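Enquirer: got a structure for you, letters missing:
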């Protein structure tokens, strides 16, 4: 039963990320002034990061629980490493870069806002690929 919940959570996380990247961000910048869209997207990405931390942590805990029930020896599995990779990408891409992006927006810092935005987008893509791979792995029939 826990395996099904794990698959459902990974799929919900992937769907949430897809909606942010493919629907919310383009719609915000197409329908609002650039500054207003930026404010909206900052809030959306803040919520995305909070959800990602919660979902990633829950998925890691579920993977450890399932692993403990099956194999008493600690091993690194894809079901454990993929949410950890997504968590690392979230921490680096949002919590690490967000203060730097705010400074760049005010003309401070070594890197431009555009460069930091590109790095942040790369971390979001890495997170998305990790969650996609996890959801794919967890969608296999339960044996």
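Expert: Okay, I see it. Worth saying up front: this structure is predicted, and the values here are computed from it rather than measured.
Enquirer: residue 33: neighbour count?
Expert: 9 (other C-beta atoms under 10 Å). For glycine as for every other residue, the C-beta is placed from the backbone atoms N, C-alpha and C.
Enquirer: can you offset everything so residue one is 162?
Expert: Yes, from this point I'll number from 162; that puts the last item at residue 194.
Enquirer: check the gap between it and residue 251 for me.
Expert: 28 Å (C-beta to C-beta, to the nearest Å).
Enquirer: and residue 265, by the same measure?
Expert: 20 Å.
Enquirer: neighbour-wise, which of those two wins?
Expert: residue 251 (24 against 19).
Enquirer: what's the closest non-adjacent residue to the more buried one?
Expert: Counting by C-beta to C-beta, 6 or more residues apart in numbering, residue 251 lies nearest to residue 213, which is 4.3 Å off, once chain neighbours are set aside.
Enquirer: report the secondary structure element holding that neighbour.
Expert: Per DSSP states H and E, residue 213 falls inside helix 195-231.
Enquirer: following the chain past that helix, name the next helix or strand.
Expert: Next element after helix 195-231 (DSSP H and E): helix 239-251.
Enquirer: who are the packing partners of that following helix?
Expert: Helix 239-251 sits against helix 163-180, helix 195-231, helix 274-299, with contacts defined as 3 or more C-beta pairs under 8 Å, 6 or more residues apart in numbering; DSSP states H and E.
Enquirer: would you tell me which of those gets closest to residue 256?
Expert: helix 195-231 (6.7 Å; C-beta to C-beta).
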